[in-house]
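Asks: generate a structure from the sequence data that follows.
(2 chains)
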Amino acid sequence: MRVIWANIEDVWREAAARWTLITYFILSTIFIAVFASAVNLDIVDGALAGAKLFGQDVVMNGNMPGIDRVVAIAELIFSLIIYAFSVLLAVFATAHLVPRMQEKGTVDLYLSRPVSRPLLLLSRYVAGMLLAASNVIYLILSIWVIVAWKTHIFNVRFRLAGVIMLFVIAVLLAFAFLIGTITSSTGVSIMSTYALCLLSLFLFVAHGRLDAVLSHEWLVAFVNGMYWVVPKAWELGGSVAAYVTGPLSHMKIPAPGLSAFVSTGIFGLVCLSLAIWRFQKKEF
Amino acid sequence: MIMTETLIEVRGLRKEYVSRVGRPRITALDGIDFTVRAGELFGLLGPNGAGKTTTVKIILGLTAATEGAAFIGGIPVSNPESRRRTGYLPEGHKIPNYLTARQAMAIFGRMSGMSSNDLKQRVSPLLERVGLAQWGDIRIKKFSKGMTQRLGLACALVHRPNVLLLDEPTDGVDPVGRREIRDLLREEAKNGTAVLLNSHLLSEMELTCDRAAVLRKGKVAAEGTIEELTRRTAKYQMIATPVDESLLTMFRETGAGVERVNGHLELSVNDLEHLNALVDGLRARGGMLKELSQLRSTLEDVFVDLVRTEGPTA
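Replies: Prediction:
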């Protein structure tokens, strides 16, 4: 436990000293401020008299929607923005954790302690996740409090959408750790992780639709196979939206099935296991 | 503490590095053995590429041996527990410079299993001991090289190790600081710590170490106490008249090494009999012996001789 605490302290102190932590929270606070000013609700006697989102009146089919619906729409939009924003920031803020530890003259200091390599790497992973989680929790809770304060509507689902975001961040961080362990390069870790997200988008769009376009069957099979290997970052973004708007089923946001969660989770576990294996075998 | 207890043991260590496919393997270590006992200051000497750092890295589990075994306190180095009471100061270490000295010691102390209370009691006295008492709360990026080196030593000592592995511990440290570090290491050894030093500063090693091993091409070329090593090639200083070329030629013909240095002769002889034969030769030629004294060779002389010598290792 002391090893984990030591790594958490190390990671947080580094984040604080290198302005990562402050920048992280300043950007998040700006985002929260934008949200607070973007959502204007006029509530009279507990009923919604008027609603504006980014200065535009919220009108559906020529009528003013119910307050619960306005809240769901606002939370849906912002949860998707938070999802993209927090994943982007989390990778950027934590991808250096392994490459920097593996620098010559630094790694010796860590490895000369009575700590097994798997525990050392996992401690850094936990420390990185805590850093990313602090930001997600800050964003989600702040916006949830603002909404609850303005509307007196407490949408618990919005808070729990943060769990899906953390799940995706955990998987991407495992991938960044694997690349960092192999290449010892922060830049390559960040670029590869963002490239994986783009690949995820491509496979999301392409899989199941390529039969008519591609002449080679093996290529179709390859793309469809890759779809099940690569984490489903985009579908899980959709699941955030579906989860937040859950009670409003008439919005009909398609939610990915359990298989998307399972295959993404397996990808993360495999990446983390490979990172540990590589770190264990590496000679310094 | 039993002071004869072996704390570091290296048995038949062999390390080969494989580069690209098709290229020959590089042998960094070719079967080395040595031990370091409790309370002993042991020096590992050798030219660049002799295998000193590889040896230390194997002892710390940073790299794996191709053959052979190493133990710390009887525990195989593949077991992280062997490092429970081991302190290490790597050459050119980079303690994260966003930390203060206190924070660095706390983080590395915790990683060695120290509690917060233990750290509270340990950090301040140790900072004082390495001469950084006033710098405990300053970020490391403000430190000079010598100060960083002192802090590295403090981090290596924070968890009260009984085995210390130090790679160039006085690198960048001024002469006063070097003496302080030397005294600190002696004190640690006096308390039963086994200290393995790896340095190019041979005069420092001579002043600090009890025993040393000289590595050459991955093998132990010589090992013994500093006294034993520096006695190997005894030299004598001779002042005599007359000294001419024929006398020097006669000395050289016996196999002695002869050099003129500041008006006297420096003779390298095999043993006392050889020395007496030279004196007899001088007197037989009507020469007069004015002064004859033994010159102890320095560790540097021994090192240079051993490293230059080709052929089988000892």
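
Asks: residue ranges in chain A under the pLDDT threshold?
Replies: Along chain A, the model assigns pLDDT under 70 to residues A:44-49, A:59-65, A:211-212, A:246-255.

Asks: can you classify residue B:213 by secondary structure?
Replies: strand (DSSP: H, G, I helix; E, B strand; the rest coil).

Asks: surely it touches residue B:34?
Replies: Yes. Using Cβ atoms under 8 Å as the test, residue B:213 is close enough to residue B:34 to be in contact (5.1 Å). (Glycine included, C-beta is placed from N, CA and C.)

Asks: need the residues touching each of those two.
Replies: B:42, B:220, B:223 (Cβ atoms under 8 Å, 6 or more residues apart in numbering or on different chains).

Asks: so where does residue 273 fall, helix or strand?
Replies: Went with chain A since none was named. Element membership for residue A:273 (DSSP states H and E) is helix A:258-281.

Asks: meant chain B actually
Replies: Using DSSP H and E, residue B:273 sits within helix B:272-284.

Asks: now swap in residue A:144 and tell me
Replies: Take DSSP H and E as the rule and residue A:144 turns out to sit in helix A:117-151.

Asks: tell me what that helix is packed against?
Replies: Helices and strands touching helix A:117-151, by 3 or more Cβ pairs under 8 Å, 6 or more residues apart in numbering or on different chains; DSSP states H and E, are helix A:2-17, helix A:20-38, strand A:39-44, helix A:67-94, helix A:97-101, helix A:107-111, helix A:156-183, helix A:258-281.

Asks: hmm, 6 Å instead?
Replies: In terms of contacts (3 or more Cβ pairs under 6 Å, 6 or more residues apart in numbering or on different chains; DSSP states H and E), helix A:117-151 is packed against helix A:2-17, helix A:20-38, helix A:67-94, helix A:156-183, helix A:258-281.

Asks: near chain A, which residues of the stretch 51-200 of chain B?
Replies: B:60, B:62-63, B:80-81, B:83-84, B:88, B:90, B:92-94, B:98, B:107, B:110-113 (Cβ under 6 Å from any Cβ of the partner chain).

Asks: rewinding a little: buried sites along the helix holding residue B:273?
Replies: By neighbour count on 16 or more other Cβ atoms under 10 Å in any protein chain shown, the buried set for helix B:272-284 is B:274, B:275, B:277, B:278, B:279, B:281, B:282.

Asks: try stretch B:167-175
Replies: Residues B:167, B:168, B:169, B:170, B:171, B:173 are the ones in stretch B:167-175 that count as buried (16+ other Cβ under 10 Å).

Asks: what average pLDDT does that stretch get?
Replies: Average pLDDT, stretch B:167-175: 85.

Asks: quick one: terminal-to-terminal distance for that stretch?
Replies: 18 Å (Cα to Cα, to the nearest Å).

Asks: could you do stretch B:72-87 as well?
Replies: Per Cα to Cα, stretch B:72-87 runs 11 Å from first to last residue.

Asks: what mean pLDDT does it get?
Replies: On average, the pLDDT along stretch B:72-87 is 93.

Asks: again, but for stretch B:108-120
Replies: 93.

Asks: and what of stretch B:204-223?
Replies: Per-residue scores along stretch B:204-223 average to 88.

Asks: mind listing what's buried in that stretch?
Replies: B:204-206, B:208-223.

Asks: before we move on, the earlier item: adding secondary structure and distance to residue A:240, write the shared contacts of residue B:213 and residue B:34 out as CSV.
Replies: Converted to CSV, these look like this (DSSP: H, G, I helix; E, B strand; the rest coil; distance: Cβ to Cβ, whole Å):
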residue, secondary structure, distance to residue A:240
B:42, strand, 61
B:220, strand, 64
B:223, strand, 67
